[in-house]
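Q: Sequence first, predicted coordinates after that:
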Amino acid sequence: MIDAVGLTKAFNGRAAIEEVSFAVREGEFVAVLGPSGAGKTTLFRCMTGLAVPDRGTVRIGDDDIAALRGRARRRVAVVFQQFNLVSRLSAFENVLAGRLGHVQAWRGWLRRFERADRLLALECLDRVGLLAQAMQRADTLSGGQQQRVAIARAMAQRPSLIVADEPVASLDPAAGAGVLELLQGIARADGVGVVCSLHQVQLARAYADRIVGLSHGRIVIDAPVQRFDQPAFERLYGATASLSTH
Ligand SMILES: Nc1ncnc2c1ncn2[C@@H]1O[C@H](COP(=O)(O)OP(=O)(O)OP(=O)(O)O)[C@@H](O)[C@H]1O
């Protein structure tokens, strides 16, 4: 469904990612692991059209993501480490923002969404367990709740792919696990592809279907989660690291 081929991006003559290729199928949850500076964020920015690769393509179905403009971009939803909600708006209004790529522009400006869009936003909030908080201002919610709102917003976009860049890095372990369980559920129930970068190997092993490992800008592992073993772990994090303690 999503096909990244030969992605290369350099900054000041130094490659941040080099010849990165991988595919994500419908309903698949792929965790991207790798040490700091391995190139995960650069890869994600290229996959979402936020950055233009020097070489390579990302296709979603028949479309090249770099060529997708405006509304067509709605096929890829992004979840950020810092949630990126509008703090003074309610959870509900933030989720409605996920519909902006689907409605006429004036409806977005005036926040006059149709009934079907409002119902969908409520349904998405219900799916993430926050219906009761729908009218609460985003900045009064806990970090875990804010990330759930961001996921509801991504769902309201009705995307083919959700790209989540370290979505649990700012959360405590329980809230982080809850967020990954949600993303896993969305992949399975809705057939949405999910690509999620993580620093916690144990979370990747618990929730992902596949692990893609990036090191120095290159893919060094691409394997089903069951095959992510000690040698794979060492290839990614170095010989002194031990999988059993992660
Ligand atoms: N805008 C930029 N300008 C210059 N160098 C950059 C830029 N963005 C990324 N880099 C460099 O590219 C390399 C990969 O960075 P990137 O942020 O993609 O890694 P990462 O795996 O996401 O790291 P982390 O896990 O710490 O977030 C690093 O060496 C970084 O310094």
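A: Done, it's in.
Q: for the longest helix along the chain, packing partners?
A: Using DSSP state H, we find that the single longest helix of the chain is helix 173-190. Secondary-structure packing of helix 173-190 (3 or more CB pairs under 8 Å, 6 or more residues apart in numbering; DSSP states H and E): strand 29-33, helix 143-156, strand 161-165, strand 193-197, helix 201-207. For the C-beta atoms, the positions are set from N, CA and C on the backbone; glycine is no exception.
Q: Turn these into JSON lines, columns for mean pLDDT and mean neighbour count.
A: Listed next are those as JSON lines, based on pLDDT from 0 to 100; neighbours: other CB atoms under 10 Å:
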{"stretch": "strand 29-33", "mean pLDDT": "97", "mean neighbour count": "26"}
{"stretch": "helix 143-156", "mean pLDDT": "96", "mean neighbour count": "25"}
{"stretch": "strand 161-165", "mean pLDDT": "95", "mean neighbour count": "24"}
{"stretch": "strand 193-197", "mean pLDDT": "97", "mean neighbour count": "26"}
{"stretch": "helix 201-207", "mean pLDDT": "95", "mean neighbour count": "19"}
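Q: wait, which of those is closest to Ile65?
A: With CB to CB as the measure, strand 161-165 is the member of the helices and strands packed on helix 173-190 nearest Ile65 (9.2 Å).
Q: just the angle between the closest one and strand 29-33, please?
A: Between the axes of strand 161-165 and strand 29-33, defined by axes from the mean of the first three to the mean of the last three CA atoms, to 10 degrees, the angle is 30 degrees.
Q: Each with direction, which strands does strand 161-165 pair with?
A: As defined by DSSP bridges, the strand partners of strand 161-165 come to strand 76-79 (parallel), strand 193-197 (parallel).
Q: Next to the ligand, which bits of this protein? Give me the list.
A: For the chain, the contact set with the ligand under CB under 6 Å from any ligand atom comprises 11, 16, 34, 36-42.
Q: quick one: which two of these are the most distant?
A: Farthest pair in the residues of the chain next to the ligand (CB to CB) is Phe11 and Gly34. Separation: 16.9 Å.
Q: out of the two, which sits in the busier spot?
A: Between Phe11 and Gly34, Gly34 has the larger neighbour count (other CB atoms under 10 Å), namely 24 against 9.
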